[in-house]
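A.B. asks: sharing a model that was predicted from the sequence below.
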Amino acid sequence: MQQIHLGAIDYTILIIYFAFVLGIGWVLRRFVKSSEDFFISGRSIPAWIAGLAFMSANLGAQEVIGMGASGAKYGMMTSHFYWLGAIPAMVFVGIFMMPFYYGSRARSVPEYLKLRFDEKTRGFNAMTFAVMTVFSSGISMYALAKLLELVLGWHFNTSILLSALIVLIYIFLGGLTSAIYNEVLQFFLIVLGFLPLVLLGLKDVGGWAGLTAKLQTVATQAGFAPGAWSDSWRHVGSATANPMGVEWFGLVMGLGFVLSFGYWCTDFLVVQRAMAADSMAAARRTPLLAAIPKMLFPALVILPGMIAIALHVTRGGLLPLGSDGTPNYNLAVPMMLGHYLPTGLLGLGLTALMASFMSGMAGNVTAFNTVWTYDIYQSYIRPGQPDGHYLRMGHAATVFGILLSVAAAYATTRFNNIMDMLQLVFAFVNAPLFATFLLGMFWRRTTGHGAFFGLIIGTGAAALHHGLVLSHGAVAGLKGAFLGAVLHTYPSEMAQNFWTAIFAWTACFVATIAISLLTARNKSDDDLKGLVYALTPRLRDRDLPWYKQPATLGVLVLGLTVVLNVIFW
Amino acid sequence: MKLDVRMPIGLMFTIIGAILTVYGLVSSDTIYERSLGINVNLWWGLVLLAFGLVMLGFAIRARRVRHGSAP
């Protein structure tokens, strides 16, 4: 495979970017006076900044590379991750859940669980979340360094250490505020860095019409109906009719409901950005404002992958082939960068890739140091210390959180399976969590025991389901069927994951209800004020102008999403 | 707001935009074969420059209003 060469100007742009992210951290360092400044920005962030950070923290390098890869592998159906999954979930968290998160004055998602349920539920969530964030930033560090090594010939160690060091410095200096402000900068860089690639690619394939014509060749060659790569909904009637191998129910319920709502509504990494907003109204607007650019992101991250596969099939040889003869989809975006961008703009494109990596990593690190300090250290190790003590612990947690991520990145290089295994564990833990929150926020009868054991049963159900099924062509083991028997074979891994999530969520939902009914309530109605829907006074938004009312914004965002779904049906 | 985030964003894109624009003016045409013969450094440099200047403009105006010396 031919490597891409960078010129002096490309490095100049990269260095300017590094200088600015570090500079922002440096300027913000004097605003960090208390632990709340460091961990939740002293609740002082305006809605539009929190909104862009909300979407940027999720937009790690794995998202950019992964969505491009899925665009090439599954075509237009990848848009479901946005228009079916993310957007409705973001509207839901903004309108219905944020009043409890922000209103309870909890400083983290696990802390909300403590207020709503009990100590053990919080402990369970805090531990799994801390481990998950360290590993996910480690894994994305590994993925980025591998990619830079392959495409640019950069040293694996240099890439890892340099990027980790920069993120470390700017979070250490300015805490969450620094992460959030940098995420806004990174957001614009990602948009303006990838947009020329999309425009050039589209021009080259002859616009959307030219692209769909070429994708018909891709689809028919793979044995599908001609529109399988360029329609999002038309081929979901049966699992065998589309490249993703899922039918509409698994798609809507698994991806649209359980996985997306589970992630956007309960993952502290994103919720933390909204919690840092300067008012309740701003906190509720945060995910809604984030949803507007998010809606358009398929054009930026999925389209390059679709263009790449169209060119690969019709002109040949754009994507390198793997050992089994299939194209290496993960290289779709980097190959497109090298294919279209001349030196100069190439530097900008790579800087955008770096920016996406750093925004994702900073999201993990800030979420980790908060959960570690407030929910583990302050709760179980050293409670009752003066605030300055926890601020120092936050600084220390930033350093060892990053060191642990680096260690996780190297662990990933040693054990090939670690990446697959962890992603599996994440799915097991995350999917049932949304059932716990849903019941906790909307049913006051839910008890601490119900929540805790419901979560365990949900996670167990995920493992059980995964252990008894397999996807087509996969070997028993990590990919499923580790319990020895194969009860069902799914057409694709994606379908298998969606159904694992559905089983986990349902098991948690039913078990939590059953156990709650059998156990006594541990919180009275008084305790639950501001934590449960029925016991919280309705927020009145009538005095706000319409474009600031969460409900109006939510309806607008959902309406636009429906339009997008229909256009690309 | 502790720091007007539009200021660093504006500055960064103005600098990068200016560099790309100048580079687009002086670079030879052969490097633009891959970008379909379009001098993308020049054109996209100008886009970034405009974006950066607009952001800077907003930041400077907001600062003037804050300091009570409206233009």
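C.D. replies: Perfect, thanks for sending it. Predicted, not measured: the structure shown is a model, and the values here were computed from it. Numbers count the residues shown, from 1 in each chain, chains lettered A, B, ... in the order given.
A.B. asks: if I look at B:Phe58, how far off is B:Val47?
C.D. replies: In this structure, B:Phe58 lies at 17 Å from B:Val47, with Cβ to Cβ, to the nearest Å as the measure. (C-beta placed from N, C-alpha, C; glycine too.)
A.B. asks: next: A:Tyr112.
C.D. replies: When distance is defined by Cβ to Cβ, A:Tyr112 is 43 Å away from B:Val47.
A.B. asks: higher neighbour count, those two?
C.D. replies: For A:Tyr112 versus B:Val47, neighbours defined as other Cβ atoms under 10 Å in any protein chain shown are more numerous around A:Tyr112 (27 against 17).
A.B. asks: quick check: the more buried one touching A:Arg105?
C.D. replies: No. When contacts are counted by Cβ atoms under 8 Å, A:Tyr112 is not listed as touching A:Arg105 (9.6 Å).
A.B. asks: residues near A:Asn125, how many?
C.D. replies: For A:Asn125, the count of nearby residues is 28 (other Cβ under 10 Å).
A.B. asks: what helices and strands are in contact with whichever strand or helix holds it?
C.D. replies: Here A:Asn125, judged by DSSP states H and E, is contained in helix A:119-152. Counting by 3 or more Cβ pairs under 8 Å, 6 or more residues apart in numbering or on different chains; DSSP states H and E, the packing neighbours recorded for helix A:119-152 are helix A:61-74, helix A:109-116, helix A:156-205, helix A:332-340, helix A:345-370, helix A:387-414, helix A:418-442, helix A:448-468.
A.B. asks: near chain A, which residues of chain B?
C.D. replies: Proximity of chain B to chain A is assessed by Cβ under 8 Å from any Cβ of the partner chain, with B:1-3, B:5, B:8-9, B:11-13, B:15-16, B:19-20, B:23-24, B:27, B:31-32, B:34-36, B:38, B:40-41, B:44-45, B:47-48, B:51 identified as the residues in range.
A.B. asks: next step: those residues restricted to helices.
C.D. replies: B:8-9, B:11-13, B:15-16, B:19-20, B:23-24, B:40-41, B:44-45, B:47-48, B:51 (DSSP state H).
A.B. asks: need the contact list for A:Thr561.
C.D. replies: A:Thr561 makes contact with A:83, A:87-88, A:295 under the criterion Cβ atoms under 8 Å, 6 or more residues apart in numbering or on different chains.
A.B. asks: let me fix that: A:Leu162
C.D. replies: Neighbouring residues of A:Leu162 by Cβ under 8 Å, 6+ apart: there are none.
A.B. asks: please report the distance of it from chain B.
C.D. replies: A:Leu162 is 19 Å from chain B, where distance means Cβ to the nearest Cβ, to the nearest Å.
A.B. asks: any regions of the stretch 401-550 of chain A where pLDDT drops low?
C.D. replies: When residues are selected by pLDDT under 70, those of the stretch 401-550 of chain A lie in A:415-423.
A.B. asks: which single residue of it ends up nearest chain B?
C.D. replies: Of all residues in the stretch 401-550 of chain A, A:Lys548 sits closest to chain B, at 17.5 Å by Cβ to the nearest Cβ.
A.B. asks: so what does that residue have for phi and psi?
C.D. replies: A:Lys548 has phi and psi values of phi -110, psi 0 when expressed as degrees, to the nearest 10.
A.B. asks: what about it, how many neighbours?
C.D. replies: Neighbouring residues of A:Lys548 were enumerated by other Cβ under 10 Å; the total is 16.
A.B. asks: again, but for the one 5 residues further on
C.D. replies: Using other Cβ under 10 Å as the criterion, A:Leu553 is surrounded by 23 other residues.
A.B. asks: kindly report the same for A:Pro88.
C.D. replies: With neighbours defined by other Cβ under 10 Å, the count for A:Pro88 comes to 20.
A.B. asks: for A:Ile95, what are its contacts?
C.D. replies: Counting by Cβ under 8 Å, 6+ apart, the residues that A:Ile95 touches are A:284, A:288, A:550-551, A:554.
A.B. asks: make that A:Leu424, sorry
C.D. replies: The contact partners of A:Leu424, taken as Cβ under 8 Å, 6+ apart, are A:466, A:478.
A.B. asks: from A:Ser70, how far off is it?
C.D. replies: Where A:Ser70 is concerned, A:Leu424 sits at a distance of 18 Å (Cβ to Cβ).
A.B. asks: with A:Ala409 instead?
C.D. replies: Plainly put, A:Ala409 is 23 Å away from A:Ser70 if you go by Cβ to Cβ.
A.B. asks: equivalent analysis for A:Leu269, please.
C.D. replies: Distance, A:Leu269 to A:Ser70, using Cβ to Cβ: 21 Å.
A.B. asks: just A:Glu119 next, same as before
C.D. replies: 40 Å.
A.B. asks: so A:Leu564 is in contact with A:Trp83, correct?
C.D. replies: Yes. Under the criterion of Cβ under 8 Å, A:Leu564 lies in contact with A:Trp83, with a separation of 5.4 Å.
A.B. asks: can you pull the phi and psi angles for A:Pro327?
C.D. replies: Comment: the main-chain dihedrals of A:Pro327 come out as phi -60, psi 150, following degrees, to the nearest 10.
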